[in-house]
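# Need a 3D model of the sequence below.
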Amino acid sequence: MVYLVISDIHSNMEAFEAVLKEAEGFKPDVCLFLGDAVGYGADPDQVVLRLRRLGNEVSKMFAVRGNHDKVASGIEEGWDFNEHARRAALWTRRQLSPTNLSYLRRLPQGPVEVKKGDVQIAHGSPTDEDMYILSGYHAAAILSFTSHRITFFGHTHIPVVYELLDGKVNVKVPAGDEAVIRLEKEGWYLINPGSVGQPRDFNPKASFAIYDDEKEVVIIKRVEYDVEGAAEKIIKSGLPRINAERLFVGR
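Residues are numbered from 1 along each chain as shown. Have a look, this model is predicted:
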């Protein structure tokens, strides 16, 4: 089975389309969406509609909500967001159609099991959907008690693989436009595919992952997209200019 793993699209239609086009070559059977379809960018309604359509194009889709999805859909008010993030989330709430707003509201809280005892998905930590996993220390604590061998997570916008093997946590940072990570049968993993629409590892290219459960391989891919077009839409929409500027530097 081949899985397309995507996270943190953040209303960036240009990046989302580029990722889906690149992913076609892998012929994915299943899509795993790790949350934050919206926020920051200028195309929330278009992105949610495309995400819903994607669910009909694969044999199965698993999804969880992100913190921006919660605020944009009215589940929360985003008082813990910074000024730019909250402004974009509340603007997004006004742009979404009733159907797409309802879709976001109905996204489940992570973790969600994909494969019994083997694969699960979450937005942040599987213990707390809003927690950022930012270090091997955080990963070790989670991997020491999780009941699933592989957890795909997002939220940080930074692609990384944490591997617990022989009692040691290894941190694998993908490099280049295609990083191939082979999974050990005895290993336990936390895997972040990076962000589709707002990378934060100083690489502006859109990021996603492909997981092949037969070959036990994860491929983390980077693809170029029309950054200028996405940024121009943000500025024209009256959203915070910083939301556009950061796309050029991947931060």
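
# separation between residue 188 and residue 219?
The gap separating residue 188 from residue 219 is 20 Å, by C-beta to C-beta, to the nearest Å. Just so you know, the C-beta spots here come from the backbone N, C-alpha and C atoms, and that holds for glycine as well.

# list the contacts for residue 231?
By C-beta atoms under 8 Å, 6 or more residues apart in numbering, the contact list for residue 231 reads 244, 245, 247, 248.

# I'd like to know which of the residues you listed are buried.
244, 247 (16 or more other C-beta atoms under 10 Å).

# By mean pLDDT, which helix or strand of this protein comes out lowest?
Lowest by mean pLDDT, DSSP states H and E among the helices and strands of the chain is helix 136-143, with a mean of 94.

# Show me what that one packs onto, helices and strands only.
When contacts are defined as 3 or more C-beta pairs under 8 Å, 6 or more residues apart in numbering; DSSP states H and E, helix 136-143 packs onto strand 160-165, strand 168-172, strand 188-192.

# mind saving the C-alpha coords of the first one as PDB?
Provided in PDB are the C-alpha atoms of strand 160-165 (Å, rounded to 0.1, in the frame of the first residue of the first chain):
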ATOM      1  CA  VAL A 160      12.000  15.100  10.300                       C
ATOM      2  CA  VAL A 161      12.100  11.400  11.300                       C
ATOM      3  CA  TYR A 162      12.600  10.400  14.900                       C
ATOM      4  CA  GLU A 163      13.600   6.700  15.200                       C
ATOM      5  CA  LEU A 164      13.600   4.700  18.400                       C
ATOM      6  CA  LEU A 165      15.900   1.700  17.700                       C
END
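
# picking that back up, measure how far the least confident helix or strand of the chain is from the centre of its chain, please.
Using C-alpha atoms, centre = their mean, to the nearest Å, the distance from the centre of helix 136-143 to the centre of the chain it belongs to is 19 Å.
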